[in-house]
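**Q** Curious how this folds, go ahead:
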Amino acid sequence: MEAKEGMEESLAGLRETFKSGRTRSLAWRKSQLRALLDLLRENEERIFKALHQDLGKHPVEAFRDEIGVLEKSTNFCLSHLEEWMAPKKGPLPLLFFPTKGEVLSEPLGLVLIIASWNFPISLALDPLIGAISAGNTAVVKPSELAPACSSFLASSIPLYLDTKAIKVIDGGQDVGEKLLQQKWDKIFFTGSPRVGRVVMSAAVKHLTPVTLELGGKCPTIFDSFPDSRDLKVAVKRILGGKWCACSGQACVGIDYLLVEEKFASTLIDLLKKELEKFYGENPKESNSISRIINKQQFRRLSDLLKDPLVRASIVHGGSLDEDKLFIEPTILLNPPLDAAIMTEEIFGPLLPIITLNNIEESIEFINSRPKPLAIYAFTTNETLKRRIISETSSGSLTFNDTILQYLCDALPFGGVGQSGFGRYHGKYSFDTFSHEKAVLRRPFFPELEARYPPWNDFKMNFIRLAYSFHYLGIILLFLGLKR
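**A** Okay, the predicted model is just below:
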């Protein structure tokens with residue numbers, strides 16, 4: 001933790017580095033990205049250990065969701081960075097002839113990245129990849145709720161990255177509040193909507209642009225499947241999107257599932273069978289399921305099950321062990337819609353299943369609630385797919401799989417409405433931490449006299465035509481030179 005004076009001194013040094021221009025070169029950006037790859041590859045076992053200490057993650061899950069994601073994203077940026085940095089030609093109407101236009105992507109300056117605890121390595125470093133690619137200086141604030149990972153980042157990043165341009169400032173809520181009081185050129189926050197409001201309120205003081213990656217109740221629409229092979233694959237993907245990503249502690253994970261009533265019992269039976277294949281008869285003994293982050297989150301989740309009507313809806317699981325921070329994968333059938341489990345983001349291993357008379361009702365059900373970060377829909381019905389695309393709004397929409405869209409660098413990732421705003425991954429990360437500056441280059445000849453007073457009817461007609469008919473631009477240009 002740094003005192004306020006020390007923090008301000010550190011930030012002043014980062015601003016001076018940015019003003020010097022050292023972070024703008026292609027060579028600097030590539031060197032930092034390669035150094036980040038070295039950090040990941042040379043410290044893989046330390047990262048595995050830290051993630052297991054904080055969240056009980058198995059090394060396979062840790063590599064899939066954290067290290068592998070970061071290596072993939074870094075390599076993607078390295079292979080495209082020169083192209084992204086190149087000026088883009090801006091095609092201009094003939095009326096502007098012989099003017100030339102282009103768009104330059106320039107770094108914003110000093111940026112603040114505040115990470116969440118559920119993917120404490122990737123959610124700290126993935127935005128940093130974008131900030132570095134765009135040529136910024138940056139401060140990373142890891143989550144204090146994942147102390148082993150926060151400590152790893154604070155001790156390791158200075159050994160690999162440019163300490164005059166990139167710093168890690170760890171600490172608790174008080175440190176976060178002090179950081180938010182400072183002036184930034186961009187704030188990138190991943191976390192809850194509650195804290196997101198705090199971040200946005202603080203940013204108002206300096207009119208700082210923000211990207212908020214928040215959460216929400218991500219629904220899954222589960223249609224019937226005539227092909228039993230497709231059905232089995234779909235059930236596995238449901239399990240993967242609910243329990244295999246940090247034990248459900250993922251903003252982009254499944255929150256609840258919508259299915260036709262006549263198909264619910266079949267689906268529940270299939271989910272139970274696959275859960276046993278994944279985690280055995282006693283999931284508490286499995287080393288493949290992450291634990292709840294801390295006692296506060298454990299108690300929040302256990303409170304969701306205290307309502308007698310909610311407990312009565314449990315059809316599988318429901319056991320809890322506070323000492324081991326373990327909650328069994330739990331399935332609930334039709335819990336009350338006004339209960340907290342159906343009005344708050346669950347962020348844990350509890351899956352409510354809501355039955356409908358027909359699957360088309362899922363669209364109205366989703367639209368009656370805040371816009372989610374993601375919608376997942378398992379269906380082969382093309383008409384239903386078209387309706388979901390056109391009649392719902394969400395940060396992303398994935399058919400017949402879960403969470404895969406988060407891993408795709410070619411697609412933007414971000415929320416809408418209460419699930420956040422702004423986007424990142426791949427080129428979208430570069431753009432998030434860049435300003436697209438328009439550059440216009442114009443010679444002194446020819447000069448268009450019709451643009452200046454004294455005004456007359458000819459100039460009015462000329463300007464009217466010029467704005468209306470771009471293809472007449474050159475003719476109008478020369479007609480208007482001397483009038």
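
**Q** Quick check: phi and psi on P98?
**A** Here is the backbone geometry of P98 (degrees, to the nearest 10): phi -100, psi 30.

**Q** Chain neighbours aside, what residue packs nearest to it?
**A** P443 (6.2 Å; C-beta to C-beta, 6 or more residues apart in numbering). (C-beta placed from N, C-alpha, C; glycine too.)

**Q** for A202, same thing?
**A** Per C-beta to C-beta, 6+ apart, closest to A202 is L180, 3.8 Å.

**Q** Then F76?
**A** F76 sits nearest to D409 (C-beta to C-beta, 6+ apart), 4.6 Å away.

**Q** does that neighbour belong to a helix or a strand, and which?
**A** Under the criterion DSSP states H and E, no helix or strand holds D409.

**Q** check contacts around L270.
**A** Shown in contact with L270 (C-beta atoms under 8 Å, 6 or more residues apart in numbering): L231, K232, V235.

**Q** For the helix or strand hosting it, what is the distance to the chain centroid?
**A** If you go by DSSP H and E, L270 is part of helix 261-279. On the basis of C-alpha atoms, centre = their mean, to the nearest Å, helix 261-279 sits 30 Å off its chain's mean C-alpha point.

**Q** What of stretch 405-415?
**A** Distance of stretch 405-415 from the chain centroid (C-alpha atoms, centre = their mean) equals 7 Å.

**Q** now swap in stretch 303-310 and tell me
**A** So, by C-alpha atoms, centre = their mean, the centroid of stretch 303-310 is 31 Å from its chain's centroid.

**Q** Check which residues of it are buried.
**A** Buried residues in stretch 303-310, defined by neighbour count with 16 or more other C-beta atoms under 10 Å: L304, L305, V310.

**Q** ok so, going back, what number of residues lie near the residue nearest to P98?
**A** For P443, the tally of surrounding residues (other C-beta atoms under 10 Å) stands at 9.

**Q** measure it to R300 for me?
**A** The gap separating P443 from R300 is 66 Å, by C-beta to C-beta, to the nearest Å.

**Q** Check what pLDDT the residue nearest to A202 gets.
**A** On pLDDT, L180 comes in at 97.

**Q** how near is it to A264?
**A** In terms of C-beta to C-beta, L180 sits 46 Å off from A264.

**Q** Please, where are all the helices along the stretch 251-400 of the chain?
**A** 261-279, 295-304, 308-312, 340-343, 361-367, 382-391 (DSSP state H, counting those that start in this stretch).

**Q** contacts for the third one?
**A** Right, helix 308-312. Outside helix 308-312, the residues that touch it by C-beta under 8 Å, 6+ apart are L304, L305, G318, L332, P335, P336, A339, I341.

**Q** Would you point out the most distant pair within those?
**A** Greatest spacing in the contacts of helix 308-312, by C-beta to C-beta: G318 and P336 (16.3 Å).

**Q** Any stretches of the protein with poor pLDDT?
**A** Applying pLDDT under 70 to the chain picks out residues 1-5, 95, 469-483.

**Q** Strands of the stretch 351-483 of the chain, residue ranges please.
**A** 374-378, 396-399, 420-421, 434-441 (DSSP state E, counting those that start in this stretch).

**Q** Report all helices and strands that the second one contacts.
**A** Counting contacts by 3 or more C-beta pairs under 8 Å, 6 or more residues apart in numbering; DSSP states H and E, strand 396-399 packs against strand 374-378, helix 382-391.

**Q** what lines up beside it in the sheet?
**A** strand 374-378 (parallel) (DSSP bridges).

**Q** Tell me the secondary structure at V69.
**A** V69 falls in the helix class when you classify it by DSSP: H, G, I helix; E, B strand; the rest coil.

**Q** Quick one: neighbours of the closest residue to E436 other than its chain neighbours, just the number.
**A** Distances taken as C-beta to C-beta, 6+ apart put V103 closest to E436, at 5.2 Å, once the chain neighbours are dropped. Burial measure for V103: 12 neighbouring residues, criterion other C-beta under 10 Å.
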